[in-house]
Structures are given as structure tokens and as C-alpha cells.
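A.B. asks: Next come a sequence and a model predicted from it.
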Amino acid sequence: MQCQDAQSLMTAYIADEVTSVERRDLEAHVVGCACCHEELAGFRQAWDCLVRWSVPGPDVRIEQELLARVEGERVTARPRIRPFAAGTAALAGALLSIVASSFLPYERAFELCRQALRKFDLFPGLPDSTLFFIAGALYGLIPLLLIGLVSGHLMGGRAPRFQGTVTGLAFAILITPYVLIVCSALPGTFTAAILAGIGLGALPGATGGFWFGAHAWRPAR
Amino acid sequence: MTGRARMSQPSDQELMLALKAGDRAAFEALYRRYRDRLHAFLVRYTGDPATAQDLFQETFLRVFRDRARYEPRAAFATWLFTIARNLSLDSLKKPAAKPVQSEAAIQVVPDPAPDALQGLERREADTALRRALTSLPEDDRAILLLSRFEGLRYSQIAEILGTSEGAVKVRAHRALQALRRVVKA
């Protein structure tokens, strides 16, 4: 190593910013070169002198003023919607709901709901439209709850309830054409009941799913 | 700090995430963790305690207001000192800005030297060194301060200054060389 190279490395050497090879070469050079030995001592002296410049901590008054100013600021984090994430979650929820309805059509779900209520002798006089509403709610609630759990888990604590609400609304819009097509043979009131059920089931499903995914279902640190 | 104590204390990133979620106590914890370091940096960087105090408040307020923009992948110290340095540069550019090298800022802390004459000489040398430091170009001064007092790596300083690590290395050397000449004299 030449003196010029050694001297250009001295500050980095003192600041511990050299590689092990540079360190070894510089130390070997300085041992055998009186001039660079003196240079290094000079750099180190300047470096050490700096640390004697002590500064007292901030004035207590400044601290009080600052904390008072912060106190006056809005504390709650402004919810920031992530449109792409909400859209993707809504689309995934819609696909899941469609797959579920192809295995278990809405009319069959309606029948199962009616049979279950009869079996347990619950709400005997419940109109059919209400039963369609309940069946529809399950097609919104369950898929969105599952998708919300996964999405909330992946996104962490980024305004999960707000994100869930937007996802639920987007899901309701996406699923509407499909419901209108597959329920075209049903009376309009039943179709409307299914749609209302899906929409109203999706909202708590998505918000609850996102919230649980973000807060409860987190990996242990 | 013991391993157990370190484990029980939340990291800067965890505190910032808590602050993003609306936890005001996390801000106070970060403030207490960095208050002395930031204040000392600003006094040394601006060379004026009054300006430094204003910038100190502004920096922490900016941290609070911009908490939503913080990304956990960035080290909090890097983010904090970037804000402080940018605000300082803006302040120094203003025509009404107070000149660097205020006497109050480069006041020498009493030194317990055994010999009075020796102590006086050392204080004079320290004052000259600090005066030389405050007369360095802003970036060179920031590099030396962040490296010497804050213990930041050159890579972190490069991030703060928006330059390359190689440039930081060269400028740090140039700056310490200038101070060395003062010490030698």
C-alpha cells in the first residue's frame, strides 16, 4: 500500500468503515511508515477532539411546548384505503360466493333454511322472502369473512374496518349481475331479498374478517 | 443495555407502527429516545442554539404529522435525521437565518485539566476546532456529525444526504482533514 492510499483510508479506518482487507493493509503500512503513523495519530486526535463538544439537552420549556403542540394534533391515524387490495379481496370473495352457489344453489339454501327453522320450531310464520334474505346473507357473510381474514392478516393494521367496508361494498356490486342472471326464474321479491341478504351479510363479514385478520390472527413474534 | 432489557423495549420501528395506528405514547417514547441526540445534532449542525431549538420542535412535529408516510423498511434514525437535515437546510437558506458560528454554540464546556494554562490552551484549541467544524460545507459537516456523534454508517448517511456511499467516504475524509489542520496548528 502506498502512503497516498493509506492516508485516503484513514478517516474511514477511524470511523470503522473499512473492509477487513483494507484494515489489515493500512495497519501493516502504518507500522512501517513513520510519516503515515503520525498522520493517523493526527486524524485520530481531531476525531477525539470532536467528542469533547458536549451539548446540553433541550430546554424543558421546548419539550412542554412540543408535547402541547402534538396534543393539539389529530391523533387517530387517517384511514388510507388501498383500492387494489380492496378490489382484489372483493373479486376473490365474489368468486368464492359464486363457487359456493354452484355447489349449493340459492333455492336449495332457502329450502335448507326453511327445514332447519321448522325442525327447531323457530319463527314459524316467517315469509319466504325473509328466508331468501337469510340464505343470501350466508353467501355474503361466509366468503367475505374468509377472504377478510386472509387479507387483514396480510395487510396488518392498516385501517382494517375501513378496508373491510369498502371491500364489502365492492363485493356487493360485483356479485349483483351474477345473482340477477341465476335468479332470473325467481319472482322479483325473492331475487331482491337474496341481493339484500348478500349485501348486508358481506359488510359485517368483510369488516369483521379484516379486523380479526389484522388484530387477532397475527403470527407470534 | 442487557439482552433482557433490550428484549422488553419496543424497537423504533415498532413504536412508529404504533404511532401510525394512533398511539400517542409511542411518540413520547420515540421523543425521549432521540431528544438529546437530535438536539445536539441540530446545535452542532446549525451552530446556533436558538435556531436549533426551533428546528428541533419542527422536526418532531414533522415526524408526528408524517407518521403515515413512514415505511418500516427504513431505519427510524435515518428518517429522523433526514427530516432534521432538510429542515435545517431550508432554514439556513432563508435570508434572515442567523449565521453559523454563534459564540454561544461553540462555547467550550469547562475542562477538568490539572494545569490552568494547559486547560486554557486546550479550551482555545477546542473552540478553534468547533469553529472550523461549523465553517465546513453543510454536507461535510453533517457527515462528520452523523458519523462521529450519532454513529451512523456511511450507507445510512448516504441515504440521508441522497448521495452515494463513496461520496460520503470522500467528503468525510476531506472534512476531517480540514479539522486536522486546525488541530495541528
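C.D. replies: It's in.

A.B. asks: Read off the pLDDT value for the residue of chain A positioned farthest from its centre.
C.D. replies: Within chain A, A:Ala34 marks the point farthest from the mean C-alpha position, 60.2 Å out by CA atoms, centre = their mean. As predicted, A:Ala34 sits at a pLDDT of 89.

A.B. asks: residue contacts, the residue nearest to the spatial centre of chain A?
C.D. replies: Centroid-nearest residue in chain A, with CA atoms, centre = their mean: A:Met155, separated by 1.9 Å. Going by CB atoms under 8 Å, 6 or more residues apart in numbering or on different chains, A:Met155 touches A:82, A:85, A:163, A:210, A:213-214. Backbone N, C-alpha and C define where each C-beta goes, glycine included.

A.B. asks: so after the longest helix along chain A, what's the next helix or strand?
C.D. replies: Longest among the helix segments of chain A by residue count, using DSSP state H, is helix A:128-155. Using DSSP states H and E, the helix or strand that follows helix A:128-155 in sequence is helix A:160-182.

A.B. asks: Kindly indicate which of the contacts of A:Met155 lies nearest chain B.
C.D. replies: The closest of these to chain B turns out to be A:Ala214 (CB to the nearest CB; 10.0 Å).

A.B. asks: Look at residue 137 and say how many residues are nearby.
C.D. replies: Here I'm looking at chain A. Close neighbours of A:Ala137, defined as other CB atoms under 10 Å in any protein chain shown, add up to 22.

A.B. asks: Let me rephrase: I mean chain B.
C.D. replies: Neighbour count of B:Pro137, defined by other CB under 10 Å: 12.

A.B. asks: Over to A:Pro127: give its phi and psi.
C.D. replies: Backbone torsions of A:Pro127, given as degrees, to the nearest 10, read phi -70, psi 160.

A.B. asks: I should have written A:Leu9 there, sorry.
C.D. replies: Main-chain dihedrals, A:Leu9, degrees, to the nearest 10: phi -100, psi -10.

A.B. asks: now A:Cys183
C.D. replies: Main-chain dihedrals, A:Cys183, degrees, to the nearest 10: phi -100, psi 20.

A.B. asks: cool, B:Asp48 as well?
C.D. replies: The phi/psi pair for B:Asp48 (degrees, to the nearest 10) reads phi -140, psi 110.

A.B. asks: Is chain A within reach of stretch B:128-142?
C.D. replies: Yes: Stretch B:128-142 reaches chain A (CB under 8 Å from any CB of the partner chain) through B:129-130, B:133.

A.B. asks: same thing with stretch B:64-78?
C.D. replies: Yes: contact of stretch B:64-78 with chain A (CB under 8 Å from any CB) involves B:64-65, B:67-68.

A.B. asks: ok, those residues vs chain A, which is closest?
C.D. replies: Nearest to chain A, judged by CB to the nearest CB, of the residues of stretch B:64-78 next to chain A is B:Phe64 at 5.3 Å.

A.B. asks: Which residue comes closest to that closest one once chain neighbours are left out?
C.D. replies: Spatial nearest neighbour of B:Phe64, excluding adjacent residues (CB to CB, 6 or more residues apart in numbering or on different chains): A:Val70 at 5.3 Å.
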